[in-house]
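In: The sequence isn't on hand, but the structure is:
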Ligand SMILES: C[S@@+](CC[C@H](N)C(=O)[O-])C[C@H]1O[C@@H](n2cnc3c(N)ncnc32)[C@H](O)[C@@H]1O
């Protein structure tokens, strides 16, 4: 009788030639057959018991992969165990994507029969072959998924229109059926019912006995009367400004030029945006709504007791600074931004009753030094600008900091592999469309720039939603 290694080599050879019966001939009838839990999404994870389940596993594998071949490289025998190191050559059946994945197989034997098998491999690598694309559950029907991706603007426009028309604000006042609600909103009867039922199907409205009402989420976040929690301002701006500029994506990709009102690439986009004071205020509210999760998380994150003064560069209406000062009464804060945002900032100071500790410093970071402080915050600011400006801002932040002071950057950082965080990559394309040189960046990029600017002890952590926090000491 040969060694256990000889036995299992014969089995691999039989698998390779497609002779399943011969491959399984050395398996004990009650074999335990284990694969990484990460394969469970494809019905191939965890432990199977007995030859019947192993055969079903093989049949399942053939539905997931159109090609699969194990190439064993090294056989390491120790007692009743053989560890096999090798490479899987695979092709996802739906995706058509082929690649290799390294494996470590461990086999246990009793009397020359395999009683246990455990496979270790990187199931994320397998996922990339089987279901490439956005992270998340595997896509079972790529044809339908591609069409759905390309029509993603349909639901986007339904939500934007609902906010513009004030559907959620109106429903907070009183529920109604399609006819009354349509009349209250000034809608033509032709599309009203489909429009409202689309919102029901998207989970944004409830309907009972033909009468529509807000869900708990839309009552909180899309009723304009709840200004503290309202996020509809972002969608209003999306409809007014960003939907038209996204229509120019193909042009922007060909020319590199922004597609907004400041489309010549030479004009500062904030000059155009702030030319209309009403739009400036709406932009500030939208920015604050977009940063609300980060503004809520930040006061709990850093060792604020060590510091006395904070300057928030590009503070907009000061909502983040106000939350920070409210939670840490020993802190004093300065908001530094263009003079046009002052009225909104003063409203926030009043609302939070922080006149004693919170003040506004008008200026431009292109021409002025930043106010001195123990902590300098740059939130959703670096991504607006080109690399030279990003570096200049970090240098200016360091100059403004007291010794041992902290620079705090938050943005929607792209993962270092540039393949997982779709929202950060989309944000970077948004910068292509909205700014002359802006782009989003990876964790590694930011750490490099901080080190170049002379910061030490630099680190990155997740902050909230798509935002990441990067800090460095002066
Ligand atoms: C995208 S918003 C970020 C607002 C806020 N920090 C947040 O996290 O949402 C960028 C901010 O930078 C400000 N900004 C633009 N150009 C500036 C300049 N030259 N000097 C100072 N602030 C500027 C804008 O007015 C705006 O408030």
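Out: Right, received. Where do you want to start? Since the model is a prediction, treat every value here as computed from it, not as a measurement.

In: what sits against residue 442?
Out: By C-beta atoms under 8 Å, 6 or more residues apart in numbering, residue 442 lies in contact with 413, 414, 415, 416, 418. Bear in mind the C-beta positions are built from the backbone N, C-alpha and C, glycine included.

In: In strands, which of the residues you listed appear?
Out: Using DSSP state E, no member of these sits in strands.

In: Closest one of those residues to the ligand?
Out: Checking these against the ligand with C-beta to the nearest ligand atom, the nearest one is residue 413 at 13.8 Å.

In: Just the pLDDT at the closest one, thanks.
Out: Note on residue 413: pLDDT of 95.

In: Which residue comes closest to it once chain neighbours are left out?
Out: residue 468 (4.0 Å; C-beta to C-beta, 6 or more residues apart in numbering).

In: okay, now the one you found: neighbour count?
Out: 23 (other C-beta atoms under 10 Å).

In: With the ligand as the reference, measure out to it.
Out: Residue 468 is 13 Å from the ligand, where distance means C-beta to the nearest ligand atom, to the nearest Å.

In: and that residue, what is it in contact with?
Out: 410, 411, 412, 413, 443, 460, 461, 462.

In: mind redoing it with 10 Å?
Out: Listed by C-beta atoms under 10 Å, 6 or more residues apart in numbering, the contact set of residue 468 reads 294, 409-415, 421, 424, 442-443, 446, 460-462.

In: What of residue 400?
Out: 311, 313, 336, 369, 370, 371, 372, 373, 375, 376, 407, 474.

In: which stretch of helix or strand covers the residue nearest to residue 413?
Out: strand 467-473 (DSSP states H and E).

In: so where is the stretch 151-300 of the chain shaky, pLDDT-wise?
Out: In the predicted model of the stretch 151-300 of the chain, residues 262-266 satisfy pLDDT under 70.

In: Would you map the strands across it?
Out: 176-177, 205-208, 211-214 (DSSP state E, counting those that start in this stretch).

In: Can you give me the buried ones in the helix or strand containing residue 449?
Out: Using DSSP H and E, residue 449 falls within helix 443-452. The neighbour-count check on helix 443-452 (16 or more other C-beta atoms under 10 Å) flags 443, 445, 446, 447, 449, 450 as buried.

In: so what's the residue nearest to the fourth one when sequence neighbours are not counted up against?
Out: The reference is to residue 447. Nearest non-adjacent residue to residue 447, counting by C-beta to C-beta, 6+ apart: residue 458, 5.1 Å away. Neighbouring residues of residue 458 by C-beta under 10 Å, 6+ apart: 407, 409, 446, 447, 448, 449, 450, 451, 470, 471, 472, 473.

In: Kindly indicate which of the residues you listed lies nearest residue 111.
Out: Distance to residue 111, by C-beta to C-beta, is smallest for residue 447 among those, at 56.3 Å.

In: Wait, a strand at residue 403?
Out: Yes - the assignment for residue 403 is a strand, going by DSSP: H, G, I helix; E, B strand; the rest coil.

In: In the chain, which residue sits closest to the ligand?
Out: Closest point on the chain to the ligand, by C-beta to the nearest ligand atom, is residue 314, at 2.8 Å.

In: Could you dump the contacts of residue 458 into JSON lines with distance to residue 179 added?
Out: Output for these, formatted as JSON lines (distance: C-beta to C-beta, whole Å):
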{"residue": "407", "distance to residue 179": "57"}
{"residue": "409", "distance to residue 179": "52"}
{"residue": "446", "distance to residue 179": "54"}
{"residue": "447", "distance to residue 179": "59"}
{"residue": "448", "distance to residue 179": "60"}
{"residue": "449", "distance to residue 179": "58"}
{"residue": "450", "distance to residue 179": "59"}
{"residue": "451", "distance to residue 179": "64"}
{"residue": "470", "distance to residue 179": "53"}
{"residue": "471", "distance to residue 179": "56"}
{"residue": "472", "distance to residue 179": "60"}
{"residue": "473", "distance to residue 179": "63"}
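
In: what's the farthest-apart pair in those?
Out: 448 and 473 (16.3 Å).

In: Which residues of the protein lie near the ligand?
Out: Residues of the chain that fall close to the ligand, judged by C-beta under 6 Å from any ligand atom: 270, 287, 290-291, 314-316, 337-338, 341, 364-366, 379-381, 384.

In: among the residues you listed, which are in strands?
Out: Per DSSP E, those map to strands at 337, 379.

In: Show me which of the residues of the chain next to the ligand are buried.
Out: Judged by 16+ other C-beta under 10 Å, buried ones among the residues of the chain next to the ligand: 270, 287, 290-291, 314-316, 337-338, 341, 365, 379-381, 384.

In: pLDDT-wise, what's the bottom of those residues?
Out: residue 290 (88).

In: Against residue 217, how distant is residue 68?
Out: 44 Å (C-beta to C-beta, to the nearest Å).

In: cool, residue 348 as well?
Out: Counting by C-beta to C-beta, the gap from residue 348 to residue 217 is 25 Å.

In: Now do whichever strand or helix holds residue 310: which elements does it pack against?
Out: Assigned by DSSP H and E, residue 310 falls within strand 309-313. Applying 3 or more C-beta pairs under 10 Å, 6 or more residues apart in numbering; DSSP states H and E, we find strand 309-313 packed against helix 319-327, strand 332-337, strand 358-362, strand 373-379, helix 387-400, strand 401-411.

In: What is the neighbour count of residue 334?
Out: Using other C-beta under 10 Å, residue 334 has 22 neighbouring residues.

In: On the C-terminal side of whichever helix or strand residue 23 is part of, identify the next helix or strand.
Out: For residue 23, the element it lies in under DSSP H and E is helix 20-24. Counting by DSSP H and E, the next helix or strand C-terminal to helix 20-24 is strand 27-35.

In: Which elements pack onto the helix or strand just after that next one?
Out: Next along the chain after strand 27-35, taking DSSP H and E as the criterion, comes strand 46-49. If contacts are counted by 3+ C-beta pairs under 10 Å, 6+ apart, strand 46-49 sits against strand 27-35, helix 50-64, strand 113-121.

In: now the last one and strand 27-35, what's the angle there?
Out: Meaning strand 113-121. Comparing the axes of strand 113-121 and strand 27-35 via axes from the mean of the first three to the mean of the last three C-alpha atoms, to 10 degrees yields an angle of 10 degrees.

In: Can you name every helix or strand that strand 113-121 contacts?
Out: Looks like strand 113-121 contacts helix 4-16, strand 27-35, strand 46-49, strand 81-92, strand 98-110 (3+ C-beta pairs under 10 Å, 6+ apart).

In: ok, now the longest one?
Out: The criterion is 3+ C-beta pairs under 10 Å, 6+ apart, and the helices and strands that helix 50-64 contacts are helix 20-24, strand 27-35, strand 46-49, strand 65-78, strand 81-92, helix 123-130.
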